[in-house]
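[1] Just a sequence and a predicted model for now, questions to come.
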Amino acid sequence: MESYYPQNEIDKRRRRATKLGVDDLICNLFLEAGLQNYASWSQDPDWVCPSISEVRASPQGGSLGFTLKGRRFSIHTEENHLHSTSDPDTTRIDLNLLLGGELVFGAEIEHRTIEDLDLYSPEWVTEFIEGDWIKDLRYLEQEMKQITKRNINRIKRERAQKAAASFGLSTANESDSGPGTLRKFLRAMVSGWH
């Protein structure tokens, strides 16, 4: 009897997605790096990704559409009640990525809450169609990391300047406190926040 269910090929593609790290990439990009919230925090010019345009978010949450390098992506998440766990701090999420309306990736994600920390880990790849869209999302991940790093450094610098002002050190003109003194103070304040 001939089988119409190509299990070997499905398993091969599932392993390929994991080997390429696509499951981790999409989980990290959307859930951990904050792409799911991009529609709201992109209103601040400091957090805009230059390669993203035409952002569309679902008012109920769990869905984001955007154009990246001229290609239309959308990501949808939904809590998976069929595969719920007995641990009240753990839920399962179905995540689907579409490119131009075609499903190119899907995964079941485990979401654990430990105190105030949300942890996400891909558990099972459910769909995967390999393509150069992976390269686009890797580029977006790098861009988002750079934007986050730049903004964290800016926030640290602003805090250090405020702290310096609290001790009567001038941030407008370093020569008031001697050459390099304010710079050393700011560097010490910033390194203390790591």
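    Received the coordinates, thanks. Numbers count the residues shown, from 1 in each chain.
[2] From now on I want contacts and neighbour counts done on CA atoms only, so please keep to that.
    Noted.
[3] By residue count, which helix of the chain is the longest?
    The longest helix of the chain (DSSP state H) is helix 133-166.
[4] can you give me how far that helix is from the chain middle?
    Averaging C-alpha positions (CA atoms, centre = their mean, to the nearest Å) puts helix 133-166 13 Å from its chain's average.
[5] How about stretch 12-20?
    Centroid separation between stretch 12-20 and its chain, computed with CA atoms, centre = their mean, is 21 Å.
[6] Check which residues of it are buried.
    R13, R14, A17, T18 (16 or more other CA atoms under 10 Å).
[7] where does the last one sit relative to T90, distance-wise?
    Right, the one you point to is T18. Note on T18: its distance to T90, by CA to CA, to the nearest Å, is 22 Å.
[8] The first one too?
    Taking CA to CA as the measure, R13 and T90 are separated by 27 Å.
[9] ok so, going back, closest one to T67 out of the buried residues of stretch 12-20, please.
    A17 (22.8 Å; CA to CA).
[10] in what helix or strand does that closest one lie?
    Assessed by DSSP states H and E, A17 sits inside helix 7-20.
[11] which residues of this structure fall in strands?
    Along the chain, the segments classed as strands by DSSP state E run 52-57, 63-68, 71-79, 90-99, 102-114, 117-128.
[12] show me what contacts the residue sitting nearest the centre point of the chain?
    By CA atoms, centre = their mean, the chain has its centre lying nearest to A33, at 2.0 Å. A33 sits next to M144, K145 when contact means CA atoms under 8 Å, 6 or more residues apart in numbering.
[13] any idea how far the closest residue to A107 other than its chain neighbours is from K149?
    When the adjacent residues along the chain are set aside, A107 lies closest to V125, with 4.3 Å between them (CA to CA, 6 or more residues apart in numbering). Per CA to CA, V125 is found 30 Å from K149.
[14] quick one: which of those two has more around it?
    Ranked by neighbour count (other CA atoms under 10 Å), V125 and K149 place V125 first, with 21 against 12.
[15] For that one, which residues are in contact?
    V125 neighbours (CA under 8 Å, 6+ apart): R14, A17, T18, D23, F105, G106, A107, E108.
[16] Show the pLDDT at it.
    Listed pLDDT for V125 reads 95.
[17] How about W41?
    W41 is assigned 76 on the pLDDT scale.
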